[in-house]
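Undergrad: My questions concern the predicted model and sequence given below.
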Amino acid sequence: MTEPKHGIVLGGGWAGMLAAHVLARHLERVTVVERDVLPDGPRHRKGSPQGRHVHVLWSSGARIVDTLLPGMIDQLLDAGARRIGFHQDLVTLTSHGWQHRFPPRQYALMCTRPFLDWKVRDRVLATGRIALRQRAEILDLVGDAKRVTGLRVRDMDTGAQETLAADLVIDASGRGSRLRHWLSALEVPPLEEDIVDAGIAYATRVYQAPPGAAAGFPAVNVAADHRLREPGRFGVVYPQEDGTWMVTLSCTRGAGLPAHDDDFLPYARTLRHPLVADLIDLAKPLTSVAVSRVGANRRLYPERLDIWPEGLLVLGDALAAFNPIYGHGMSSAARAAAALDTELQRSGTDAGATRRAQQAISATVDDPWIMAASKDVEYVNCRMSATDPRLTGGAVTRQRFSDLISDRSIRSSAVCDVVTDVISLTAPQSELASSGFLSLMHKDRVLPELTEPPLTAEELALVNLTPRSTVSAGGS
Ligand SMILES: Cc1cc2nc3c(=O)[nH]c(=O)nc-3n(C[C@H](O)[C@H](O)[C@H](O)COP(=O)(O)OP(=O)(O)OC[C@H]3O[C@@H](n4cnc5c(N)ncnc54)[C@H](O)[C@@H]3O)c2cc1C
């Protein structure tokens, strides 16, 4: 352990808890400052509105969590979380057609977000090395452009304000972070920001899965086809830890969303395939529809500033938030926590260490950022305010190549393996430009196109559905 030092984490969400756990390995004292009361159970809370919608934790993120908290993933699985092998346990209509269910290469953990947060938080706090300051609102940072020395907080019950001193402050206060504002008060030059906003919105209901289907039926995903140049509509039916199905319908700007219970099923019928609607038609709704306007892909570039205050880091959604359809936010935050661990191990909190740590953390968000942003710019009505040259130039060529990969990946097992590694953030995006992958694209056996959802007779029997021919499954 290094010098007796105090680290403060702003926000007790997913990224905040992982960051606090890492800090507790390296610093003597760690405090998490959180506006909410963090529930002692799988319950929703105001500061985590996204918790009402489907969440998947990709295997890359799960592996990091399991390294930081050994045995955590088995604990989640034992408590009911579902491990969905990609693509064996998932029936997906991609933009390019139905995905063959190849043997799993990666997996995603499926469970409700309040359950996941509670279980992980419980393990993190069980070490007894992290102090939790709840019902405390962060007001601003204390220090100057050269060094952050703490922050000011307001007790939400008494209104009392207090300054907390810290050697290291980590902003993990999510999409709503006021970091740019706080930094400008310290006279740090403006942080550059890129925004790619496809106008994503989510509508979710929870259903009781039909008997037998809760455990034995695959997850289902019907995606939009961006090539149609019309607002995209998506739908998923994902199994949860308690035998329910969480059904989320989502859209890009201009496709509307069902705000009322009576509109939910009719909207599901407007997806490119009726499978999602057919499934919810035979399940019992347990909740009313919850709607969220999700927010844009948004990325800050602290690593580009000439001046960055010592003693300050930013990670999680506060640093970069993505279109959630790709399921990358939590894994990206886990990658940032792993980078933080490595950097603290290497340099502690010595002079210059925070700048290097921020560079390492910022590097971890680049792949999920470009994956989400470069796809979203293809949707009609997408709004962009970005300087990333990968988004502003060569869009047509890039999209053609990406379409070619998508088309091959649904029918070609070895290609699908590499693509799944990249999508799950297990392998770098650059893998798709490697000579090995390009030759695989030429050589690998291509299976025939599927014209129906690849459900087995046993699976169809579980939900009392009969095979039906699909309409426009290829989206063209
Ligand atoms: C609809 C939706 C679906 C998603 N689906 C997925 C998915 O399938 N897979 C995936 O990996 N990711 C998904 N994400 C992204 C994921 O939810 C986020 O990436 C993740 O929650 C980021 O964690 P965080 O800790 O950075 O932010 P948050 O989880 O938002 O936590 C921020 C915390 O800071 C607290 N806070 C904020 N401001 C203050 C303040 N001033 N003072 C004190 N406390 C404060 C909040 O109360 C909160 O507890 C989804 C997001 C949305 C919106």
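TA: Perfect, I can see it now.

Undergrad: For the stretch 51-200 of the chain, which residue gets nearest to the ligand?
TA: Gly174 (2.8 Å; C-beta to the nearest ligand atom). All C-beta atoms are positioned from the backbone trio N, CA, C, and that covers glycine.

Undergrad: tell me which parts of the stretch 151-300 of the chain are close to the ligand?
TA: 172-174, 176, 202, 292, 294 (C-beta under 6 Å from any ligand atom).

Undergrad: Buried ones among those?
TA: By neighbour count, with 16 or more other C-beta atoms under 10 Å, those hold 172-174, 202, 292, 294 as buried.

Undergrad: could you dump those residues to TSV with pLDDT and secondary structure?
TA: Below are those laid out as TSV (pLDDT from 0 to 100; DSSP: H, G, I helix; E, B strand; the rest coil):
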residue	pLDDT	secondary structure
Ala172	98	coil
Ser173	98	coil
Gly174	98	coil
Tyr202	97	strand
Ser292	94	strand
Val294	84	coil
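
Undergrad: tell me the contacts of the residue of the stretch 51-200 of the chain closest to the ligand?
TA: 11, 13, 15, 47, 316-318, 321 (C-beta atoms under 8 Å, 6 or more residues apart in numbering).

Undergrad: Buried ones among these?
TA: Buried, going by 16+ other C-beta under 10 Å: 11, 13, 15, 47, 316-318, 321, out of those.

Undergrad: Widest-spaced pair of those residues?
TA: Gly47 and Ala321 (14.7 Å; C-beta to C-beta).

Undergrad: Now do the SS call for Arg154.
TA: strand (DSSP: H, G, I helix; E, B strand; the rest coil).

Undergrad: Spit out the contact partners of the nearest residue to Gly80 once chain neighbours are set aside.
TA: Closest residue to Gly80 apart from its sequence neighbours, by C-beta to C-beta, 6 or more residues apart in numbering: Glu241 at 3.3 Å. By C-beta under 8 Å, 6+ apart, the contact set of Glu241 is 76, 79-82, 111-112, 115.

Undergrad: pLDDT at Glu241, what is it?
TA: With respect to pLDDT, Glu241 has a value of 97.

Undergrad: Same question for Ser288.
TA: Predicted confidence (pLDDT) for Ser288: 98.

Undergrad: again with the one 5 residues further on
TA: Looking at Arg293, its pLDDT stands at 90.

Undergrad: same deal with Ile405?
TA: For Ile405, the model assigns a pLDDT of 94.

Undergrad: how about Val120, what does it touch?
TA: Going by C-beta under 8 Å, 6+ apart, Val120 touches 14, 17-18, 65, 69, 72.

Undergrad: So which of these is the closest to Phe437?
TA: Val65 (28.1 Å).

Undergrad: quick check, the closest one in a helix?
TA: Yes. Using three-state DSSP, the assignment for Val65 is a helix.

Undergrad: ok, it to Arg121 distance?
TA: Val65 sits 12 Å away from Arg121, going by C-beta to C-beta, to the nearest Å.

Undergrad: Compute the first-to-last residue distance for stretch 221-236.
TA: 4 Å (C-alpha to C-alpha, to the nearest Å).

Undergrad: Just the buried positions in that stretch, please.
TA: Buried residues in stretch 221-236 (16+ other C-beta under 10 Å): 221-226, 231-236.

Undergrad: ok, of those, which one's closest to the ligand?
TA: Checking these against the ligand by C-beta to the nearest ligand atom gives Val236 as the nearest, at 9.4 Å.
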